[in-house]
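Participant: structure for the following, please:
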Amino acid sequence: MKIIAGLFISLLFFQDLYAQSSMTNRSTFYSTIGTTGANLREFNNLLADKGLSPMRKGYTNYTLGYMARFNDFILGMELIQSSGPRSDFDDYTIGYRTTRAMLNVGFAFTEEGRFQLIHYMAVGAGYLNFQMLRPDEPATFSQFMDNPRQGYILRDGNVQQSSLNMTGFLTEFGFQMAYDLPIPGRSEALELIAKFGYSFSPFEDSWKLNGISFSSIQSGAFLRVGAGISIPDHNYFYKDADIGVHLFGSMNFTSPKALNERLAEKGYNTFSGRPNNWGLKIMGYSKDWLYGMDLYNLGMSGQASEQLEHTLNSVRLYANLGKKFFEFKNLEMGVLGGLGYGNLRYTLYNPNKPDFPALFEEPDFDGRLTGRGLMVKPEVYIGYGLPLALGKFFKVFTAVHAGYEQPLGAYRLGDLGMASYMSNPYVQVSLGIRP
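Facilitator: Have a look, this model is predicted:
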């Protein structure tokens, strides 16, 4: 929520600054992959004390981002998923992953054109998962419930429960270089991107779990490269295309009935209600064509027993293509189809674990089952854009989306099919900007 508030405060401030000037703008959505240098110093010291080899340095980043340029001012958002190298210890595999949601503000050193050089700073919040688990999951759901303790899972800013649980204060500064390649027959451009800089967590103990600091896996020098779709002003005689970014909440009309039945059979508490769902929607349009991506996170959580808690989480990423079939002034309607990837993770964990090194010596407290596959969805929406400044600096765009998700696969947790849970109608309410 801090990211959302920061985004709109920044926009309201800069609309007054530029409303009376000659405006140029461009909007871009992109994806990058890269690497960040990091050293798990405190955990490696623990391994060294036991005569074990340290974990390898560095981790890999995957980014989905959006950037809007207004004259020389840059405003953007990024979701960054990172995963570290895995290390084997006896019958366990040690690994970690993080998620960051960042708000970027910057300044372009170059005039609007094919080549861009940008300096930016970013602030945001994140999630950390560090685990030491047996690599092979139980073959059946009953086997898992009979012996769920496969190792330990440590989480901070637990998005397995809800995306709104992201925590901490993360910062980043760097430079971005980009170059436009024309797309034959299209006014959009293919933008090649390279980014380098440094990300860090300024508060030393903000990522401390069970007696050890893991702040280094939210920090480090990075290099990222990628590509995206960009819409510069100078490619249009009449601007009838743009890309917007939207944050949304959703009601997904589903419940894990099959899972709840098996939990009740084993004497555990069941999940109640519907999953909460918060996400990011990037939607571009060119004349009447629509395209973009959705990334969102469904979460459920609760008390499984007196000692254990559990979560049921699903992350979904869609590529969308559609058509806008009605437009009148600031009102529009359209239809989209999406093809994407979804995962499903059930976690049973003990929140009262000892500190290191005792946890490392006796790690069996938590367990998980996972499934994954492809998803499809049809969707319709109705949206309204409200201009907020003279010269159409940008629009605040709000919309209601309705659709139906259908899994292409069984999505099994062990031998327990969860396709009925993944299949659901939904209604989303989104709020965003469109330059």
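Participant: not counting its neighbours along the chain, what's nearest the residue positioned nearest the centre of the chain?
Facilitator: The chain has Leu79 as the residue nearest its centroid, 4.6 Å off, counting by CA atoms, centre = their mean. Nearest non-adjacent residue to Leu79, counting by CB to CB, 6 or more residues apart in numbering: Leu64, 5.0 Å away. (C-beta placed from N, C-alpha, C; glycine too.)
Participant: Ala419 versus the one you found, what's the distance?
Facilitator: Leu64 sits 26 Å away from Ala419, taking CB to CB, to the nearest Å as the criterion.
Participant: what about those two, which has more around it?
Facilitator: Under the criterion of other CB atoms under 10 Å, the comparison of Leu64 against Ala419 puts Leu64 first, with 20 against 17.
Participant: pLDDT value on the residue nearest to Leu79, please?
Facilitator: Note on Leu64: pLDDT of 96.
Participant: from now on call the first residue 25
Facilitator: I'll keep to 25 as the first residue from here, and by that count the last item is Leu88.
Participant: tell me which residues touch it, please.
Facilitator: The contact partners of Leu88, by CB atoms under 8 Å, 6 or more residues apart in numbering, come to Phe53, Tyr54, Ser55, Glu102, Leu103, Leu304, Ile306, Met317, Leu319.
Participant: in contact with the residue nearest to the centre of the chain, which residues?
Facilitator: Thr87, Leu88, Gly89, Thr123, Arg124, Ala125, Met126, Leu304, Leu319.
Participant: tell me the SS of the residue nearest to the third one when sequence neighbours are not counted?
Facilitator: So that's Gly89. Among residues not flanking Gly89 along the chain, Glu102 sits closest, at 4.1 Å (CB to CB, 6+ apart). Of the three states, Glu102 takes strand according to DSSP: H, G, I helix; E, B strand; the rest coil.
Participant: how far away is Glu102 from Asn128?
Facilitator: Distance, Glu102 to Asn128, by CB to CB: 6 Å.
Participant: for Gly366, same thing?
Facilitator: To Asn128, Gly366 is 28 Å away according to CB to CB.
Participant: which residues do Glu102 and Asn128 both contact?
Facilitator: Listed as contacting both Glu102 and Asn128 by CB under 8 Å, 6+ apart are Gly89, Ala146.
Participant: can you report phi and psi for Met446?
Facilitator: Here is the backbone geometry of Met446 (degrees, to the nearest 10): phi -70, psi -20.
Participant: which ones are touching the closest residue in space to it that isn't next to it in sequence?
Facilitator: Take Met446 and drop its neighbours on the chain: the residue closest to it by CB to CB, 6+ apart is Pro431, 4.1 Å away. For Pro431, the contacting residues are Gly366, Gly397, Leu398, Met399, Ala443, Met446, Ser447, by CB under 8 Å, 6+ apart.
Participant: next one: Gln167
Facilitator: By CB under 8 Å, 6+ apart, the contact set of Gln167 is Gly438.
Participant: also Tyr120?
Facilitator: Tyr83, Ser107, Gly108, Leu152, Asn153, Phe154, Gln155, Phe238, Ile241.
Participant: quick check, pLDDT for the nearest residue to the fourth one once chain neighbours are set aside.
Facilitator: For Leu152, the nearest residue in space outside its immediate sequence neighbours is Asp180; the separation is 4.5 Å by CB to CB, 6+ apart. We have a pLDDT of 95 for Asp180.
Participant: understood, closing this out.
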